[in-house]
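Novice: Predicted model and sequence below, questions to follow.
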Amino acid sequence: MIKQNYPIDKNTLQKLGIDALTEKLGAVGMIEFMRLFDSGYGDYTKEKYNLPDMSMEEIHFSTLPPT
């Protein structure tokens with residue numbers, strides 16, 4: 001375990017934390033763990049009213065690449 005004098009700056013704390021997570025969980029596990037804390041962006045409660053009125057079939061075909 002790394003002994004550190006506190007307080008430390010945020011960049012150092014972030015690096016030590018990521019290093020510790022990577023050591024214990026591996027790179028993929030560290031990324032998955034970090035994703036647990038991603039709150040996303042935007043305001044769904046406002047944006048949901050701006051969605052186009054489309055059927056599931058229309059949505060499906062709108063995502064296909066042009067032929």
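Specialist: Noted; the coordinates are in hand.
Novice: any idea how far Leu25 is from Tyr44?
Specialist: Separation of Leu25 from Tyr44 (C-beta to C-beta, to the nearest Å): 30 Å. Just so you know, the C-beta spots here come from the backbone N, C-alpha and C atoms, and that holds for glycine as well.
Novice: Same check on Pro52?
Specialist: Pro52 is 16 Å from Tyr44, where distance means C-beta to C-beta.
Novice: Equivalent analysis for Ser55, please.
Specialist: Taken as C-beta to C-beta, the span from Ser55 to Tyr44 is 21 Å.
Novice: Toward the C-terminus from the lengthiest helix in the chain, list the very next helix or strand.
Specialist: Criterion DSSP state H: the longest helix present in the chain is helix 10-35. Remark: after helix 10-35, the chain's next helix or strand is helix 44-47, criterion DSSP states H and E.
Novice: Tell me how far the helix or strand that that next one is followed by lies from the chain's centre.
Specialist: Using DSSP H and E, the helix or strand that follows helix 44-47 in sequence is helix 56-63. Offset of helix 56-63 from its chain centre (C-alpha atoms, centre = their mean, to the nearest Å): 26 Å.
Novice: CA atoms of helix 56-63 as PDB?
Specialist: Taking Å, rounded to 0.1, in the frame of the first residue of the first chain, the C-alpha atoms of helix 56-63 are listed here in PDB:
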ATOM      1  CA  MET A  56     -40.300   1.300 -33.900                       C
ATOM      2  CA  GLU A  57     -40.100   0.400 -37.500                       C
ATOM      3  CA  GLU A  58     -39.300   4.000 -38.500                       C
ATOM      4  CA  ILE A  59     -36.700   4.200 -35.900                       C
ATOM      5  CA  HIS A  60     -35.100   1.000 -37.000                       C
ATOM      6  CA  PHE A  61     -35.000   2.100 -40.700                       C
ATOM      7  CA  SER A  62     -33.600   5.500 -39.800                       C
ATOM      8  CA  THR A  63     -30.600   3.900 -38.200                       C
END
